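Colleague: predicted model and sequence below, questions to follow.
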Amino acid sequence: MDRFAVIRALAVHARDSESAYLERIAAEVCAAAQLSSRLGCELGSCLEAVSASFRRSVGRDQLVAQASAMPKATAKLLLVLPFGTWAFGALLGAHPLQTLLGSPAGVVCLCLGLSGYAAGAAWVRSMVRSALQES
């Protein structure tokens, strides 16, 4: 059984959320067909196993996406917060950039803040990445 022919046949009936799984489903369908022909068992029961595996995989991916949505949104909000604070200070006429760049102590504070911001962004990114890899 040709895997690319199976992909073309599945692509006609696949939903947008399922198109990422087409390659794996095609490989599993081909493996089920080969197993059925070698062992002489019914193809239908092998395809039912492929279907159950696909449903479990989609369900797991949906649960991971739901579980990671809130931490991702929180991280984005926290990463935007310093820029929002700067913009709010500028709107109030406090001139935050001039204050930070106007004295050596301000430059030191700006450098410390930017390095802390970069370290925090890298830390959050690594935490989210490791949590998604574990699942």
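Modeller: Yes, it's here.

Colleague: how close does Leu78 get to Lys72?
Modeller: Distance, Leu78 to Lys72, by C-beta to C-beta, to the nearest Å: 11 Å. Quick note: C-beta positions are derived from backbone N, CA and C, even for glycine.

Colleague: now the phi/psi pair for Leu110, please.
Modeller: The phi and psi values for Leu110, taken as degrees, to the nearest 10, are phi -60, psi -50.

Colleague: show me the residues around the closest residue to it other than its chain neighbours that make contact.
Modeller: Among residues not flanking Leu110 along the chain, Leu100 sits closest, at 4.3 Å (C-beta to C-beta, 6 or more residues apart in numbering). By C-beta atoms under 8 Å, 6 or more residues apart in numbering, the contact set of Leu100 is Gly106, Val107, Cys109, Leu110.

Colleague: and the first one, how far from Leu97?
Modeller: With distances taken as C-beta to C-beta, Gly106 is found 9 Å from Leu97.

Colleague: what do you get for Ala87?
Modeller: 11 Å.

Colleague: next: Val50.
Modeller: The gap separating Val50 from Leu97 is 59 Å, by C-beta to C-beta.

Colleague: more neighbours: the two, which one.
Modeller: Val50 (18 against 13; other C-beta atoms under 10 Å).

Colleague: out of the contacts of Leu100, list just those in helices.
Modeller: The members of those that map onto helices under DSSP state H are Gly106, Val107, Cys109, Leu110.

Colleague: and the longest helix for the protein?
Modeller: Max-length helix for the chain by DSSP H is helix 43-91.

Colleague: who's in contact with the residue of the chain most remote from its centre?
Modeller: Largest separation from the mean C-alpha position in the chain: Ser103, at 42.2 Å (C-alpha atoms, centre = their mean). Not one residue lies near Ser103 by C-beta under 8 Å, 6+ apart.

Colleague: pLDDT score for it?
Modeller: With respect to pLDDT, Ser103 scores 93.

Colleague: just Gly113 next, same as before
Modeller: 93.

Colleague: how about it, what does it touch?
Modeller: Pro82.

Colleague: repeat that for 10 Å
Modeller: Each residue near Gly113 by C-beta atoms under 10 Å, 6 or more residues apart in numbering is listed here: Pro82, Leu100.
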